[in-house]
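Colleague: my questions are about this predicted structure, shown below with the sequence.
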Amino acid sequence: MTRTNAADVRAPDEAASRGFDAIIALPFGPFGIRTREGAIRELVFLPPGTALQAPRNATAGAAAHALREWIEDPDQPFPVPLADTGTPFRRRVWAAISAIPRGRTATYGALAAQLGSAPRAVGQACGANPFPLIVPCHRVTSAAGLGGFANAHDGWLLEVKRWLLAFEGAL
């Protein structure tokens with residue numbers, strides 16, 4: 001789950017002008033790509049109605065292609081380098097999330113127990129995930145149900161999470 005700024009939710013047109021190197025259409029909605037120095041810096045779920053934007057550089061173009069290929073085969077490795085980011089704890093959480101197989105889910109509590117942490121800390125690391133889909137934070141749920149997604153607890157982002165889980169066979 002990636003961070004979603006309040007401006008991204010309120011003003012889709014403004015979001016498109018805020019430094020995305022591409023905004024592509026995926027079956028669940030618009031998806032933003034930010035790059036830096038030949039690596040993916042951030043992937044962002046964008047609200048319905050956000051204008052699409054052709055890739056501005058080769059890295060964004062490669063990422064757009066790889067993400068579309070992911071829709072065809074979600075088990076395919078992502079061939080574009082990801083920027084080195086996150087605290088050591090967040091990287092541990094993201095590695096644990098990446099180990100959840102497609103079609104399965106894990107709870108915040110189960111991941112917390114595995115990492116010797118607390119469910120809230122795992123949830124915060126999920127919300128700070130700059131590489132959703134690649135680090136499949138949609139596979140992390142609460143013990144009581146779906147849980148949040150991309151720092152949201154209702155609205156279109158939860159619909160995206162439902163779509164992703166159904167797409168992968170986990171719902």
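Modeller: Thanks, I have the structure now. The shown structure was predicted, so the numbers you read here are calculated from the model rather than taken from an experiment.

Colleague: what's the burial count for the nearest residue to residue 109 once chain neighbours are set aside?
Modeller: Once flanking residues are discounted, residue 109 sits nearest to residue 119: 4.7 Å by C-beta to C-beta, 6 or more residues apart in numbering. Yep, even glycine has a C-beta here, placed from its N, CA and C like the rest. Per other C-beta atoms under 10 Å, the neighbour tally for residue 119 reads 18.

Colleague: tell me the contacts of residue 119?
Modeller: Applying C-beta atoms under 8 Å, 6 or more residues apart in numbering to residue 119 gives the contacts 107-109, 111-112.

Colleague: out of the residues you listed, who's nearest residue 100?
Modeller: The closest of the contacts of residue 119 to residue 100 turns out to be residue 111 (C-beta to C-beta; 8.5 Å).

Colleague: so that closest one sits right up against residue 95, yeah?
Modeller: No: assessed by C-beta atoms under 8 Å, residue 111 is found out of contact with residue 95, at 10.5 Å.

Colleague: more neighbours, these two?
Modeller: Neighbour tally, residue 111 and residue 95, criterion other C-beta under 10 Å: the higher count belongs to residue 111, 23 against 11.

Colleague: give me the element that one is part of.
Modeller: Using DSSP states H and E, residue 111 falls within helix 108-115.

Colleague: could you list the buried residues of that helix?
Modeller: 108, 110-112, 115 (16 or more other C-beta atoms under 10 Å).

Colleague: and that helix, how far out from the chain's middle?
Modeller: Helix 108-115 has its C-alpha centroid displaced from the chain centroid by 19 Å (C-alpha atoms, centre = their mean, to the nearest Å).

Colleague: for that helix, which helices and strands make contact with it?
Modeller: helix 88-98, helix 119-127, strand 140-141 (3 or more C-beta pairs under 8 Å, 6 or more residues apart in numbering; DSSP states H and E).

Colleague: and residue 30, backbone torsions?
Modeller: Main-chain dihedrals, residue 30, degrees, to the nearest 10: phi -70, psi 150.

Colleague: right, and it touches residue 46 too?
Modeller: Yes: in terms of C-beta under 8 Å, residue 30 counts as a neighbour of residue 46; the distance is 4.1 Å.

Colleague: you'd agree residue 100 is up against residue 138?
Modeller: No: the criterion here is C-beta under 8 Å, and residue 100 misses it with residue 138 at 9.7 Å.
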